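Novice: generate a structure from the sequence data that follows.
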Amino acid sequence: MFDLTEIQDRIEKHEKLLEGIETKIKDMRTEFEKIYSELDNKDDYYYAIHPEEKEQLNEKIRSRLSVYDLLKETAENIQIQTKQDMQVVYEELQKNRYYES
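Specialist: All right, here's what the predicted structure looks like:
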């Protein structure tokens, strides 16, 4: 048996979390564009003279990619949980075994 209200509450929380992830990814896309623009503004000769500046920009990219990977993993976990919830709902509805609290 399963609790339909519990699953519905979890889905609502997941929807809010996914909205937050979507917003953060949009913000990160803007940040990436800004960083890549900074990289493109200067040529290879400049970075040969100032390697620390290029390394700082590369570090920004790496740190943001780490956050992106974490957000992606979280979204994938939500997708898996939602699929499992829906499978349980489907199976239990087939058996007419559910309750609302």
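Novice: now the one helix or strand residue 67 maps to: average pLDDT?
Specialist: Taking DSSP states H and E as the definition, one finds residue 67 inside helix 51-95. Here helix 51-95 scores 92 as its mean pLDDT.
Novice: packing partners of that helix?
Specialist: helix 4-41 (3 or more C-beta pairs under 8 Å, 6 or more residues apart in numbering; DSSP states H and E). All C-beta spots, glycine's among them, are computed from the backbone N, C-alpha and C.
Novice: how close does the residue positioned nearest the centre of the chain get to residue 84?
Specialist: Geometric centre of the chain, nearest residue: residue 71, 2.7 Å, by C-alpha atoms, centre = their mean. Residue 71 sits 21 Å away from residue 84, going by C-beta to C-beta, to the nearest Å.
Novice: what do you get for residue 76?
Specialist: According to C-beta to C-beta, residue 76 and residue 84 sit 13 Å apart.
Novice: go on, residue 31?
Specialist: For residue 31, the distance to residue 84 equals 34 Å [C-beta to C-beta].
Novice: and these two? Which one has more around it.
Specialist: Using other C-beta atoms under 10 Å as the criterion, residue 31 and residue 84 rank with residue 31 on top: 14 against 11.
Novice: hmm, back to that, name all residues that make contact with the residue nearest to the centre of the chain.
Specialist: The neighbours of residue 71, taking C-beta atoms under 8 Å, 6 or more residues apart in numbering as the test, are 21, 24, 25.
Novice: let's see that with 10 Å instead.
Specialist: By C-beta atoms under 10 Å, 6 or more residues apart in numbering, the contact set of residue 71 is 18, 20, 21, 22, 24, 25, 28.
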